[in-house]
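Asker: What follows is a predicted structure for the sequence shown.
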Amino acid sequence: MATIIPAADPGEELADLCQDLDHWPHSWRYDDSDLTFGRQLVECFTPFLLHLLARRLARKTLLRHRDHLWMLGGEIVRRSREDPKLRCQSIHQTLFQFIDDDCGPLLWPSVSEPQQNAFDATCRKLHKFLTTGHKTARRSQ
């Protein structure tokens, strides 16, 4: 008889991959007024992270995407401080001002071209995930 190995709980896998996910908004904030906006970004990123986990990608790949999402969130919070109008629209509308099917925002402080290219690849994957009608991604729009 074959032994059936139960699939890991997605919540546990996410907690293992992103042990500090709940802390991301705190790491991005300039002051406490940034926390709600940061939490909305985490809520938007979480279904994508779960999607990546479900694809059974290599741990190194998952960690790279996780790190890029953290960088993206920090960049969006920073830019929303410069342009408060970004917070007057839905989190998806704001996110789509920074990512598209080609790239993400140029990072500040600047990174090397290969690092920016890798970051852009994550942004493209996130954009595709959010625009393909994925049920969990579109639920909160």
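Answerer: That came through, no problem.

Asker: State the distance from His68 to Arg79.
Answerer: According to C-beta to C-beta, to the nearest Å, His68 stands 16 Å off from Arg79. Backbone N, C-alpha and C define where each C-beta goes, glycine included.

Asker: neighbour-wise, which of these two wins?
Answerer: Neighbours were counted for His68 and for Arg79 using other C-beta atoms under 10 Å; His68 has more, 21 against 15.

Asker: so which strand or helix has that one?
Answerer: helix 59-82 (DSSP states H and E).

Asker: what is the mean pLDDT for that helix?
Answerer: The average pLDDT within helix 59-82 is 97.

Asker: any weak-confidence spans in the protein?
Answerer: 1-8, 133-141 (pLDDT under 70).

Asker: any chance you could map the helices in it?
Answerer: 10-17, 24-28, 35-54, 59-82, 91-96, 113-131, 135-138 (DSSP state H).

Asker: Output those helices in JSON lines, with distance to Leu106 appended to each entry.
Answerer: Below are the helices of the chain laid out as JSON lines (distance: least, C-beta to C-beta, whole Å):
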{"stretch": "helix 10-17", "distance to Leu106": "26"}
{"stretch": "helix 24-28", "distance to Leu106": "18"}
{"stretch": "helix 35-54", "distance to Leu106": "18"}
{"stretch": "helix 59-82", "distance to Leu106": "9"}
{"stretch": "helix 91-96", "distance to Leu106": "16"}
{"stretch": "helix 113-131", "distance to Leu106": "7"}
{"stretch": "helix 135-138", "distance to Leu106": "24"}
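
Asker: Figure out which of those is closest to Asp102.
Answerer: Ranking these by their distance to Asp102 (criterion: C-beta to C-beta) puts helix 113-131 first, at 6.9 Å.

Asker: what packs against the closest one?
Answerer: In terms of contacts (3 or more C-beta pairs under 8 Å, 6 or more residues apart in numbering; DSSP states H and E), helix 113-131 is packed against helix 35-54, helix 59-82, helix 91-96, helix 135-138.

Asker: Understood, closing this out.
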